[in-house]
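In: let me see the structure of the following:
(2 chains)
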Amino acid sequence: MDLGEINPVLLVASLMVAATPLLLAAIGELVVEKAGVLNLGVEGMMIVGAISGFAISVETGSPWLGFIASAIGGAVLSLLFVLLTQVALANQVASGLALTLFGLGFSALLGQSYVGIKPPSMGDIHIPVIGDIPVIGPILFQHDPILYVGIALTAAVWATLKYTRVGLILRAVGENHDAAHALGYKVIKIRIMAILFGGACAGLGGAYISLIRVPQWTEGMTAGVGWIALALVVFASWKPWRALLGAYLFGGITVLQLNLQAAGVAIPVEYLAMSPYIITILVLVILSADKSSAPAALGRTFHASH
Amino acid sequence: MTTPLLSLQGLTKAYPGVVANDQVSFDIGEGEVHALLGENGAGKSTLVKMIYGLVKPDSGTMLLRGQPFAPPEPRAARADGIAMVFQHFSLFDALNVAENIALGMENPPPMGDLAARIREVSETYGLPLDPYRTVGDLSAGERQRVEIIRCLLQDPKLLIMDEPTSVLTPQEVDILFETLNKLRAEGTSILYISHKLEEIRTLCDHATILRLGKNVGECVPSETSARDMAEMMVGSTLQTPERSGRDFGEVALDVSGLSVPSPSEFGTALRNVHMTVRKGEVLGIGGVAGNGQDELLGVLSGEIPTAADAIKFNGQPIGKLGPTARRKLGVLTAPEERLGHAAAPDMSLTENALLTGSVREGLENNGFLKWAETKSFAEKIISAFDVRTPGPENAARSLSGGNLQKFVIGREVLQNPDVLVVNQPTWGVDAAAAASIRQAILDLAAKGTAVICISQDLDELMEISDSFAALNEGRLSAPRETTGLTVDEIGLMMGGAHGMEVAHV
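Out: The predicted structure is shown next:
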């Protein structure tokens, strides 16, 4: 056992990378749930985003186009959820589960000819001056652009929900859709926009795994990150910064336990492997002991009955 | 003759199977308080929804100050100066007062300015309100203020109020009427929908009466008696519930030192509640909603278990027993919330009859259901209580509020309870149905049942109860005999205006 092999700077830097797919998917789902929709299809939208991003960046040679394609891919799949739940008024839980199963199968079909290929690399931004500061530089300022997009998105979602009229209307729709309808807001339209946004975010998160974190394509490579994102939204009490904290905590412990395994710590691997889940849930459960609760209309189908 | 503010001409709206409004015409003048009267299902709500742009009329026209007016959506109606205070508050519990108000405005100012304006307007009209409080924590009276101020901030020409006083204490009603009179003096017209005829007589300048979607008459309320208006509404002579003088038997239900925390986050804990109800007695429990009514019903029904000795039925401690065990003994309850608590909305009336009736009516046989008996029990309720429905196989949801309420109350009454607890037995029920429900309760008491009636309708409590007590923040006042109680005394028992004073300007 040699804990000295663990480089703390690299550890922290890689935890941010490990956390980003989770963060992107969770922020998207947070917006969806704030609008009162429970989309359990996050995993499916992520994996479809992962393959569409991977395929497009391999074909075009541009990781940027790949990420754009992944957002579109995730959103297109969420359109199926829109059709089922907002137009056909189907049950959201069943539709979300179906979306995940469909996404996993469909992505495997799309990705058959992409197994074993290496995607074009995005490359890290090296921000001059502040990127050269020892310790802090490599940790915070030498990452790929999408990682910063994730953080910026968290800030943007937080500010939008808290300070803008759009955010207020979105929260109102998630809180009491009948009242929002009576006041003249277009409940279905707002929910559709939120679901598409959530799909795009999940797609980005998936592509982050296939293009940056791993980077390669294998079937089912999102490996449950979408489900963790769903849990994260709940334990983060639907608060964007808490979702970020939870994602980093989860990413951090995942990376740490991998390092500990590599260093040969005398704890059985199984315990190390389950530690990120347990610790993240524990911390977020303690944090969510305050009064904040779920959007009141979460998961309820809206039908304007006049 | 001056042009009226709003003129409705031949408005018609049909839904599959029912004509909600049939050629309704009337005018609302500038600065007039116009009452819209009618039983449940008479088409009042559909009519105001058309004015507010939520529903489009099939035919007919509306003129606003002589100009054609056909709002495609509520936004357009609001832009033309129509504002509406909803019957079921259209508020968002998790948001604060200022956010709720901003949602009802077209172009709200920044939050800081809005908060200042809310303070200003609320002081001017005697409705003090803190813009940063969370709406879920407010009392019913305060929530209504939020709705009213949301409307007032838009300088409405016409304010529509749908049953505004159903949840207020007498003192709060006075405050509301003062506000409305001030608005009228400023030239705002008000369309006032209510069942409470005495209120309409004191407040309104003119009344239009709807029956089965048709305009059946108009009157000047201050010159018409409440009884005449009620009879125009139902189209027949109205029966006032009769109570015969009766002797009370021994104590049937004895509640002493009952304290329970509330099971829900926004609820009220019960604190040291004492009361006794004798056989044949109707105990009325008043109080503004949210002062522990739901919790009291939960404790009496057995949904919230408590110390065994806190509740005694014929001397036997039943505090720890659940609802089914209590039903077996003869303690029956009918909760307030019809859809979801008293009845399962998507199940048929037969199934709903089974849900509470199986123990006492013997509708089960070793776990197997006796559908034939259940169906005839449901049919018995339907015929005995004049529930208007095509048959017992219809879903509870498909019944109108008043009809479902008759079914829910009838279901308990027909099981011959020894103690019956009802919460808001006539809430949202039209005058004729309310009278028959009250009569059923009185008849039951005359047969020796001890009845506890929790209600926010004081007129109702005065009409049917022998003694009266009020719930205030989970505490129950000492019960007093109803005869000789004055409205002011009742108001004081209910905790005054809950610290809500009229701001003097």
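
In: grab the nearest non-local neighbour of B:A14.
Out: B:D58 (5.8 Å; Cβ to Cβ, 6 or more residues apart in numbering or on different chains). Every C-beta, even on glycine, is put in place using the N, C-alpha and C of the backbone.

In: how about low-confidence regions in the stretch 201-306 of chain A?
Out: A:290-292, A:305-306 (pLDDT under 70).

In: what of the stretch 51-200 of chain B?
Out: Across the stretch 51-200 of chain B, residues meeting the criterion (pLDDT under 70) sit at B:87-89, B:166-167.

In: for the residue of the stretch 351-500 of chain B found nearest chain A, which non-adjacent residue is closest in space?
Out: Per Cβ to the nearest Cβ, B:R397 is where the stretch 351-500 of chain B lies closest to chain A, at 11.0 Å. Leaving aside its chain neighbours, B:R397 sits nearest to B:P345 (4.0 Å; criterion: Cβ to Cβ, 6+ apart).

In: the one you found belongs to a helix?
Out: No. Under DSSP: H, G, I helix; E, B strand; the rest coil, B:P345 sits outside any helix and is assigned coil.

In: contacts only, for it.
Out: Counting by Cβ atoms under 8 Å, 6 or more residues apart in numbering or on different chains, B:P345 touches B:339, B:395-397.

In: go on, B:D155?
Out: Shown in contact with B:D155 (Cβ under 8 Å, 6+ apart): B:G81.

In: for it, give its distance to B:E186.
Out: For B:D155, the distance to B:E186 equals 10 Å [Cβ to Cβ, to the nearest Å].

In: go on, B:N96?
Out: Distance, B:N96 to B:E186, by Cβ to Cβ: 28 Å.

In: repeat that for B:R133.
Out: Going from B:R133 to B:E186 by Cβ to Cβ gives 27 Å.

In: looking at these two now, which is surrounded by more residues?
Out: Taking neighbours as other Cβ atoms under 10 Å in any protein chain shown, B:R133 and B:E186 compare with B:R133 leading, 14 against 10.

In: you'd agree that one is up against B:V97?
Out: Yes. Look at B:R133 against B:V97 with Cβ atoms under 8 Å: they come within range, at 5.6 Å.

In: can you map out the strands along the stretch 1-150 of chain B?
Out: Using DSSP state E, counting those that start in this stretch, the strands of the stretch 1-150 of chain B run over B:6-15, B:18-28, B:33-38, B:59-64, B:67-68, B:82-85.

In: quick one, what contacts B:A20?
Out: Counting by Cβ under 8 Å, 6+ apart, B:A20 has contacts B:13-14, B:43, B:46, B:213.

In: tell me, what residue is most central in chain B?
Out: Most central in chain B under Cα atoms, centre = their mean is B:W427, positioned 3.7 Å from the mean C-alpha point.

In: wait, that one touches B:E337, no?
Out: No. Counting by Cβ under 8 Å, B:W427 sits too far from B:E337 to count as a contact (9.5 Å).

In: and B:A395, how many neighbours?
Out: B:A395 is flanked by 16 other residues according to other Cβ under 10 Å.

In: please name the residues that touch B:A94.
Out: The contact partners of B:A94, by Cβ under 8 Å, 6+ apart, come to A:171, A:175, A:293, A:295-296, B:134-136.

In: quick check: residues of the stretch 51-200 of chain A near chain B?
Out: A:165, A:168-169, A:171-172, A:175-176, A:178-180, A:182-185 (Cβ under 8 Å from any Cβ of the partner chain).

In: per-residue confidence at the residue of chain B positioned farthest from its centre?
Out: Within chain B, the residue lying farthest from the chain centre (Cα atoms, centre = their mean) is B:N366, at 40.1 Å. The score at B:N366 is 86. That number is its pLDDT.

In: which stretches of the stretch 351-500 of chain B have low pLDDT?
Out: Residue ranges of the stretch 351-500 of chain B with pLDDT under 70: B:428, B:495-500.

In: how about the strands in it?
Out: According to DSSP E, counting those that start in this stretch, the strands that the stretch 351-500 of chain B contains are B:364-365, B:368-369, B:419-423, B:450-454, B:467-472, B:475-476, B:480-481.

In: in a markdown table, list those strands along with mean neighbour count and distance to A:L245.
Out: Listed next are the strands of the stretch 351-500 of chain B as a markdown table, based on neighbours: other Cβ atoms under 10 Å in any protein chain shown; distance: least, Cβ to Cβ, whole Å:
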| stretch | mean neighbour count | distance to A:L245 |
| --- | --- | --- |
| strand B:364-365 | 12 | 53 |
| strand B:368-369 | 10 | 52 |
| strand B:419-423 | 25 | 44 |
| strand B:450-454 | 26 | 46 |
| strand B:467-472 | 23 | 43 |
| strand B:475-476 | 21 | 43 |
| strand B:480-481 | 12 | 57 |
